[in-house]
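1. Could you look at this predicted model? Sequence included:
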Amino acid sequence: MSAGDQKNGGDKPEDTLAVAEVWPEVERAECLARGAALKWASGVFCRPEHLERLSQYKKRESQRTSSIHTRLKSMVQSYLEGVGWGLEQLREARVELKEVSHALKKAGLESNRNGDGLKSLEKLREVSVNHCQLLAAVSNLPRLYSVRSMVLETERLVESRRLLEAHARLMDLERWQDDILWQLHGASGTAGGALSAEDQELVTKYFSGVGQLVEALGKELWAVVSSALALARQNPTPFVSAVRIVEREEALDRALLEERGGSSRPLPPGRPRCWRACFFQVLEEAVSARFRSVSYLHTRGPGLAGHLSALQHGVMADLATVRHLLEHCVPSHYRLTGAYLRASHHCLHAHLAQVSSWDLESGEIFAVLNWVLHIYNSSDMMGHPELVTEMKKEELGPLISTEGLEQLQNKYVQSVRKSVSEWMHKALQVELQDWQRDQEPDTDHEGFYQTSLPTIITQMLEENARVALMIGESLRDQTIQMGLYEMENLLNRFREALVEFGKEHRRNPSSNKNKFYLHYLLASISNCIILKKSTESLQQQQSSRSAGQFSRTPPNPLAALDRAVRRACRLVMDQLLLDLQPFLPGLLTRPWLVQGDPTPKLCHVLELHLELYSRVRPPCRQRLQEEAQWLMVVEYVRALMQKKLVCRSAEERKQFAHQIVQDDQQFREIFHGLEGEGSVPEVNPLALLPVLAEFIRLKDPGMLTLEVSGLAAKYPDISEEHVSVLLDIRGDVSRDVRGTVLDLLEQSAPPLPAGYRPIFTDILVPPSTMAFCLPTAKCA
């Protein structure tokens, strides 16, 4: 322990207790230090030979301890010096505060003693205020006496439109009014406060004529500005004077705002006037009045196009006057042409919005759309080179909004749709009347039957698409889609009309009214081919991105066309069957076997029909020929299945097969044109007749199994009933052979291949009337 510590009694027990009480962490810190020292020593002196360096460690630690003590002492000494300096500053501040407090008390006492003297100065202040007011009144007496005469003189100047002189007198009157108000404000002795209500009312009443002069001058100015276009061509001097007055007022407003913006002096009454903004507002109102003067024209029906043309010429004439005459009468920063252009655009926007809200017809809507989208932005109007430099189109904005254009286009499409629907209905009625004519349908330059229906429909839809394209591709696509919808509706009604036409003919087939029934059916098929080409042409004109865009269910006129064509072809085949029906019962009978009748008559009917089919446009011509071929073969096989003739001998079977082959050759001669026209079906129905002839001609019944196998492979729709009838017609098939053949057919029945058109499926085998075929042969 150091000497200082001993001197302060550091060894006394009571001092140790006090330290422990004040600093309880000391004991804990000492224990931690001793533990750390022991840990360090046990690590350093773990072996006896390490004790040799004990004196070195002791010396190093003693040096470190003395260094720490030295630093602590210097730090504590510096802290003590700082504390002493701070205490000295506090003592000096205390002395100065006492002196200031004493001076304030003395000033307070002096102020209390001088309070009575201030009361005597109030009377002097009142006298001074009265003196100032009297001085202001005396100095302004000449002005006040001349106010009435100045007002009257200024009124005469305004009435005679000597605007510049009138404005100079008005500025003098306003300046006098402002000076008097300020003098009264300063003489009232309430700096920063408002003028008394009595003084304010007195001045306002006395200068009431000034406010009326301002209104009168403003009316004259705005009248001049409103008639600027007319004055520019005659005498622009009044307009120039009006512009100069507006600029004077703007300069005065600006100067007053800069001068009195941060001061206590208020602005003169009615300031700022902002007459430049009023100038442009009056200009826009004048433009609007010009449009109203044009709008008296009859704007409905054909007059709307003339009205829009009048608007175009009126706007361009006014813009030329502004650009070449009025622009030189105003400062350059006015940009008068641009202002007039903007005002005209806004007025046109409002006017066309009103026109668009009317119940317009398609022609009127087209005139509006064409004017807005093409004429207005063309070089004849807003796209004029001299106007483009004044203002960009983006600054003006669209003349009609995108939503407004869409609504107009939708109205146009609906109006055209109504017209197209009416025309299609009329065309269909004319077509139905043509069907009742007592003469053949007309033919085109290629000799094909046709009526006026496809020409009317095609020209109407093409013309509507062409007109709509003059507006834009979007409207063209909408119009085409609408036309396709109406085409689909027309074709559905057309198919229903064909059905009714067929029913009427079946009710009275021998009527002269239906003499050319088949001809008009064929003309209807040709019409459908023309309409199909027109439909495909319209679909190709549509943009790919717009296909199905305007409706969730796009039109499908081609499907309706196919249904109508199939119905017409069915009616044609029904008529062919009706014409063949008188001769079909004589087929495959014993007279047929002996004489060959009635095959020539059937061929004659077929020739007549095929000749008429040649009047139908391809590919429906080939389709009809192919259907006639199928019909003839099916009816031939149906007659065979009726077992009108059962062979009794091999010679009879040979003759039977020979006659079938001859019939086949006659049929082939009639249908010889099919192969050349490239529409031969994958399975030629005429190829069935030689196969059936070979089946009947076969001499060995044991070979029938192989023959039936080949027949079933070519015609998988043949059934056991059909084969059983063929076996009956042969007349020489035993029960065992029949059972073997039918069992083989049942086991080897192949599925119908894809694209195969059945023949035997539509041929029903009549039920057998007796159990044995021999009596049937005798009956035959």
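-> Thanks, I have the structure now.
2. Glu533 is in what secondary structure piece?
-> For residue 533 the amino acid is Lys, not Glu. Assigning secondary structure by DSSP states H and E places Lys533 in helix 517-541.
3. same thing with Trp85?
-> With DSSP H and E as the test, Trp85 turns up in helix 54-159.
4. how far is that helix from where the chain is centred?
-> Centroid displacement of helix 54-159 relative to its chain, using C-alpha atoms, centre = their mean, to the nearest Å, is 71 Å.
5. Kindly report the same for stretch 384-398.
-> The chain centre lies 26 Å from the centre of stretch 384-398; the measure is C-alpha atoms, centre = their mean.
6. and that stretch, which residues are buried?
-> For stretch 384-398, burial by neighbour count (16 or more other C-beta atoms under 10 Å) applies to 384, 387, 390-391, 396, 398. Where you see a C-beta, it was placed from the backbone N, CA and C, and this is true even at glycine.
7. hmm, back to that, could you tell me which other helices and strands the helix holding Lys533 packs against?
-> strand 449-450, helix 452-471, helix 473-507, helix 557-580, helix 599-613, helix 620-641 (3 or more C-beta pairs under 8 Å, 6 or more residues apart in numbering; DSSP states H and E).
8. What is the first one packed up against?
-> Counting contacts by 3+ C-beta pairs under 8 Å, 6+ apart, strand 449-450 is packed against strand 442-443, helix 517-541.
9. so the longest one versus helix 599-613, what angle?
-> Right, the one you point to is helix 517-541. 40 degrees (axes from the mean of the first three to the mean of the last three C-alpha atoms, to 10 degrees).
10. Now do helix 517-541 and helix 557-580, the angle between them.
-> Taking the same axes, to 10 degrees, helix 517-541 and helix 557-580 form an angle of 160 degrees between their directions.
11. Quick check: mean pLDDT of helix 517-541?
-> Helix 517-541 shows an average pLDDT of 92 in the prediction.
12. Quick check: which element contains Pro766?
-> Assigned by DSSP H and E, Pro766 falls within no helix or strand.
13. Quick check: the gap between it and Glu721.
-> 10 Å (C-beta to C-beta, to the nearest Å).
14. which of these two has more neighbours?
-> Counting neighbours by other C-beta atoms under 10 Å for Pro766 and for Glu721 shows that Glu721 has the greater number, 17 against 11.
15. Leaving out sequence neighbours, find the closest residue to the more buried one.
-> Val765 (4.0 Å; C-beta to C-beta, 6 or more residues apart in numbering).
16. wait, that neighbour sits on His722?
-> Yes: if you go by C-beta atoms under 8 Å, Val765 and His722 touch, sitting 6.3 Å apart.
17. Now render the helices and strands packed on strand 449-450 as a markdown table, adding mean neighbour count.
-> Formatted as a markdown table, those follow (neighbours: other C-beta atoms under 10 Å):
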| stretch | mean neighbour count |
| --- | --- |
| strand 442-443 | 12 |
| helix 517-541 | 21 |
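18. Regarding the spatially closest residue to Arg271 that is not a sequence neighbour, what is its secondary structure?
-> Nearest non-adjacent residue to Arg271, counting by C-beta to C-beta, 6+ apart: Leu256, 5.7 Å away. Reduced to three states with DSSP: H, G, I helix; E, B strand; the rest coil, the structure at Leu256 is helix.
19. Quick check: Leu256 vs Lys39, distance?
-> To Lys39, Leu256 is 90 Å away according to C-beta to C-beta.
20. same thing with Glu81?
-> The gap separating Glu81 from Lys39 is 40 Å, by C-beta to C-beta.
21. Next: Val224.
-> Distance from Val224 to Lys39, by C-beta to C-beta: 108 Å.
22. Tell me which of those two has more neighbours.
-> Val224 (22 against 10).
23. Make sure that one is actually in contact with Arg244.
-> No: counting by C-beta under 8 Å, Val224 stays clear of Arg244, with 11.4 Å between them.
24. Read off the pLDDT value for the closest residue to Lys644 other than its chain neighbours.
-> Excluding its sequence neighbours, the residue lying closest to Lys644 (C-beta to C-beta, 6+ apart) is Thr589, at 4.8 Å. pLDDT recorded at Thr589 is 90.
25. Do I have it right that Thr589 meets Val646?
-> No: in this structure, Thr589 is not within contact of Val646 by C-beta under 8 Å, at 11.3 Å.
26. which one of the two has more residues nearby?
-> Val646 (20 against 17).
27. Assign the more buried one to helix, strand or coil.
-> Classification of Val646 using three-state DSSP returns coil.
28. ok, it touching Leu726?
-> No: judged on C-beta under 8 Å, Val646 makes no contact with Leu726 at a distance of 11.0 Å.
29. Just list the residues touching Glu607, thanks.
-> Residues near Glu607 by C-beta atoms under 8 Å, 6 or more residues apart in numbering: Ile670.
30. Neighbours of the residue nearest to Asn508 when sequence neighbours are not counted, how many?
-> Excluding the flanking residues, the one nearest Asn508 by C-beta to C-beta, 6+ apart is Asn514, at 6.8 Å. Close neighbours of Asn514, defined as other C-beta under 10 Å, add up to 18.
31. what's near enough to touch Asn514?
-> With C-beta under 8 Å, 6+ apart, Asn514 has these contacts: 504-505, 508.
32. Only whichever of these are buried, select them in PyMOL.
-> Only the buried entries of those go into this PyMOL selection, using 16+ other C-beta under 10 Å:
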select buried, resi 504+505
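33. helices or strands next to the helix holding Trp85 in the packing?
-> Helix 54-159 sits against helix 163-187, helix 208-226, with contacts defined as 3+ C-beta pairs under 8 Å, 6+ apart.
34. buried sites along the shortest one?
-> Read it as helix 208-226. Going by neighbour count (16+ other C-beta under 10 Å), the buried part of helix 208-226 is 209-210, 213-214, 216-218, 220-222, 224-226.
35. That concludes my questions; thank you for your assistance.
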